[in-house]
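Student: please find the sequence and the predicted model below.
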Amino acid sequence: MSKPDKYQKIVELAKRRGFFWPSYEIYGSEAGFLDYGPLGALMKRKLEQKWVDWFVRREGLMLIDTAVVAPEIVFQASGHTTHFTDPVASCKSCGRKWRADHLLEEQAGVSGEGLSLRELESLLAKHEVRCPECGGELEPPQVFNELFKTTIGPYAEHVGYCRPETAQGMFVNFKRLNDLARGRLPFGAAQVGRCLRNEISPRQGPIRLREFTIMEFEFFFNPKNPECKKLKEVEGEKIRLLTEELIRRQVEEPVEVTVAEALDKGYIKAEWNAYFMARAKQFLNQLGVPDENQYFREKLPNERAHYSAQTYDQVVKLSRWGYVEVSGHAWRTDYDLRMHMAYSGEDLRVYLPYPEPKKIKRKNLKPDKAEIGKAFKDRAALVLRLLELTPAEEVAEALSSEGVYRLRGDGETYEIKPGQVSVVEEEVELKGERLLPSVVEPSFGLDRMLYVVLEYAYSEREGRVVLKLPRDLAPIEAAVFPLMTKDDLPEKAREIRQSLLNYGFNVEYDEGGSIGRRYARMDEAGTPYTITIDYQTLEDDTVTLRDRDTWKQVRIKAGRLPQTLESLLKGEIEFEEAGAPL
RNA sequence: GCGGCCGUAGUCUAGCCUGGUAGGACGUCAGCCUGCCACGCUGAGGGCCCGGGUUCAAAUCCCGGCGGCCGCACCA
């Protein structure tokens, strides 16, 4: 890393040309925060717009926009207040901080998972766990929660948190969304918005931020009818997977399979997840990332979030850090809806009518509310709601074989004993059933994706930078130059620029410096087309149009510029088709 | 958060060891020049990350903070 690598060059370019820079620079900056400049802000919008077009419009999702701050209960239900927290113990002598549960496991061989702080503290003391670095004594463990905490209104006790993902906005609004989908499955809801995570140590510029923008959607489908009708469109598409099994065998090279094979072989568990992974791969192709520089890496169970049954990260090769995650594809099952249902008391199940009513015998759980109340006190209401969602057979079997049923909830496990529930058999006629949809969640990091685009677009030619941005993401779409700053050429150029502005294009005008310098400036900003007004323009109203990537030029009628530019920017025509070559 | 290296105009950088308040390159701006690819001429504006200490005097030495990069940890 002695000579500037691509990352350094891009960061330098980003600052110089106004794509992005560190926030609060005049106060010495604050790690983990990034500001977008004029070019970056425009490009970010275009990238978001492209994502919305690619997923929301084409896949028929509902785009919503929900609040950033949420009352505490929302993240208690989602599990973030417990799972987004790490127990940290600092060393009394050297001050280093360690994951308390990890130390316990390493030094005492005792799993620290799910333990309370007090339990951790006593176990650490009992096993005489010391600082691995200096052997010093440890302070009692404390929690570090990555949620940004705040208070709502003037009451300190009204705690709120900033969202670490937009997902909960989709889940808490599920009833309305389901209603707007007219009760049918499958459907999806999407959102693009700012999220905050109080990272312990953000690094790597735009790659890991404390405040960032997520583009994600929750796709709800019937768990009893999980097939993806659109699979046909992508089943032959090749995707590269680094599965859990390969990772365990320390294989580093992903396998290339078709989407159909990935499902047949069980690499991907949910069809909808596979479908959207294929779409995500195509999306990255459109951003300039070829197949050989991206793949999907399965998250190991211990890396996976608490809600996830299977997660693949889409990773892209970057010059500096190797493969970096740009999107996550989690199968969240019904975890979130189940938890919000339990916490809010709202029925979030979807009613799905049967074609024919069914008469069936079934087992039903009858909880003894008095017993449960005594046993679980203030958690009793929650336990009752969770029990409602639990299959009776599962409870019956656990009770008869083990004498206890372990009900898993918000990071805690509740032990249900025989006297607390009874299982009865009854015959009922069912016209349909209510069930919680299963959810797949494709989630994209907008900021790092923007960096990825810049890195893949970056090129140098004859000692100058040419930013070969995808045409539809270029912040400046075209620029108009007068060849000379005399003989009415500037006036004509301004006129043409104004007319293109009126057509809706983002067009710059530049008359400073030599013509070559002006081309170079626009190449560096990633502007795909430049229009030059010369003496011939004054005679026959034609202009030259220059292509950023090839530096080739064609001559066309000024009047045809709007349609031609539009077709070029959309990629409908090749540059050579735009006019007569020079 | 720990350790190592680092922080000088918009950007890159010289100066720091051996204290005497900064020099360059590119870019920007103004003007000239310029008949299609940053390369001509003239001029202008712009800087020592922040705070404290040592000293007659600090970009320079010392301490602390903040930030950056790398390694460790962290990244549900």
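Tutor: Everything's here; your move. Numbers count the residues shown, from 1 in each chain, chains lettered A, B, ... in the order given.
Student: the stretch 401-550 of chain A: helices as residue ranges?
Tutor: Using DSSP state H, counting those that start in this stretch, the helices of the stretch 401-550 of chain A run over A:446-457, A:489-502, A:515-525, A:535-540.
Student: adding mean pLDDT and mean neighbour count, write these out as CSV.
Tutor: Glycine gets a C-beta too; all of them are placed from N, C-alpha and C. Below are the helices of the stretch 401-550 of chain A laid out as CSV (pLDDT from 0 to 100; neighbours: other CB atoms under 10 Å):
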stretch, mean pLDDT, mean neighbour count
helix A:446-457, 96, 23
helix A:489-502, 95, 17
helix A:515-525, 95, 18
helix A:535-540, 94, 12
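Student: distance to residue A:144 added to those helices, as TSV?
Tutor: Listed next are those as TSV, based on distance: least, CB to CB, whole Å:
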stretch	distance to residue A:144
helix A:446-457	23
helix A:489-502	51
helix A:515-525	42
helix A:535-540	65
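Student: tell me which of those helices sits nearest to residue A:576.
Tutor: Among the helices of the stretch 401-550 of chain A, helix A:515-525 comes nearest to residue A:576, with 18.9 Å by CB to CB.
Student: who in the stretch 201-350 of chain A is up against RNA strand B?
Tutor: Where the stretch 201-350 of chain A comes near RNA strand B, counting by CB under 7 Å from any atom of the strand, the residues are A:201, A:202, A:203, A:204, A:205, A:208, A:303, A:305, A:306, A:307, A:320, A:321.
Student: if you rank those by neighbours, which is first?
Tutor: For those, the largest number of neighbours (other CB atoms under 10 Å) sits with residue A:307, at 22 neighbours.
Student: give me the number of residues near the residue nearest to it when sequence neighbours are not counted?
Tutor: Leaving aside its sequence neighbours, residue A:307 sits nearest to residue A:335 (CB to CB, 6 or more residues apart in numbering; 4.1 Å). By other CB under 10 Å, 21 other residues sit near residue A:335.
Student: contacting residues for residue A:335?
Tutor: A:79, A:306, A:307, A:308, A:439 (CB atoms under 8 Å, 6 or more residues apart in numbering).
Student: sorry, back to before: let's have the residues of the stretch 201-350 of chain A next to RNA strand B in JSON lines, adding distance to residue A:141 and pLDDT.
Tutor: As requested, those are exported to JSON lines (distance: CB to CB, whole Å; pLDDT from 0 to 100):
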{"residue": "A:201", "distance to residue A:141": "19", "pLDDT": "80"}
{"residue": "A:202", "distance to residue A:141": "23", "pLDDT": "86"}
{"residue": "A:203", "distance to residue A:141": "25", "pLDDT": "81"}
{"residue": "A:204", "distance to residue A:141": "28", "pLDDT": "83"}
{"residue": "A:205", "distance to residue A:141": "32", "pLDDT": "86"}
{"residue": "A:208", "distance to residue A:141": "25", "pLDDT": "90"}
{"residue": "A:303", "distance to residue A:141": "22", "pLDDT": "81"}
{"residue": "A:305", "distance to residue A:141": "22", "pLDDT": "82"}
{"residue": "A:306", "distance to residue A:141": "20", "pLDDT": "82"}
{"residue": "A:307", "distance to residue A:141": "25", "pLDDT": "83"}
{"residue": "A:320", "distance to residue A:141": "35", "pLDDT": "89"}
{"residue": "A:321", "distance to residue A:141": "31", "pLDDT": "89"}
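Student: residue A:329: which of those is nearest?
Tutor: After measuring these against residue A:329 - CB to CB - the closest member comes out as residue A:305, at 12.1 Å.
Student: contacts only, for that closest one.
Tutor: A:83, A:311, A:330.
Student: now the angle from the helix or strand encompassing the last one to helix A:446-457?
Tutor: Secondary structure assignment for residue A:330, by DSSP states H and E: strand A:322-333. Orientation of strand A:322-333 against helix A:446-457 (axes from the mean of the first three to the mean of the last three CA atoms, to 10 degrees) gives an angle of 140 degrees.
Student: helix or strand right after strand A:322-333?
Tutor: helix A:335-344.
Student: partners of the next helix or strand along the chain from that next one in the sheet?
Tutor: Of the helices and strands lying after helix A:335-344 in sequence (DSSP H and E), the nearest is strand A:350-367. The strands that strand A:350-367 pairs with in its sheet are strand A:421-435 (antiparallel) (by DSSP bridges).
Student: flag the shaky bits of the stretch 401-550 of chain A, pLDDT-wise.
Tutor: When residues are selected by pLDDT under 70, those of the stretch 401-550 of chain A lie in A:410-411.
Student: quick check: residues of it near RNA strand B?
Tutor: A:462-465, A:483-487, A:512-517, A:519-521, A:523-524, A:532, A:534-536, A:544, A:546.
Student: start and end of stretch A:454-472, how far apart?
Tutor: From its first residue to its last, stretch A:454-472 covers 13 Å (CA to CA, to the nearest Å).
Student: in the stretch 251-400 of chain A, what residue is nearest RNA strand B?
Tutor: Using CB to the nearest atom of the strand, the single residue of the stretch 251-400 of chain A nearest to RNA strand B is residue A:305, 3.0 Å away.
Student: how about the strands of the stretch 151-300 of chain A, start to end?
Tutor: Using DSSP state E, counting those that start in this stretch, the strands found in the stretch 151-300 of chain A span residues A:159-162, A:187-196, A:211-221, A:238-242, A:255-258, A:294-298.
Student: so residue A:333 makes contact with residue A:310?
Tutor: No: Residue A:333 lies out of contact with residue A:310 (CB atoms under 8 Å); the separation is 9.2 Å.
Student: returning to that earlier point: what angle do the strand holding residue A:330 and strand A:294-298 make?
Tutor: Angle between the axes of strand A:322-333 and strand A:294-298 is 50 degrees (criterion: the same axes, to 10 degrees).
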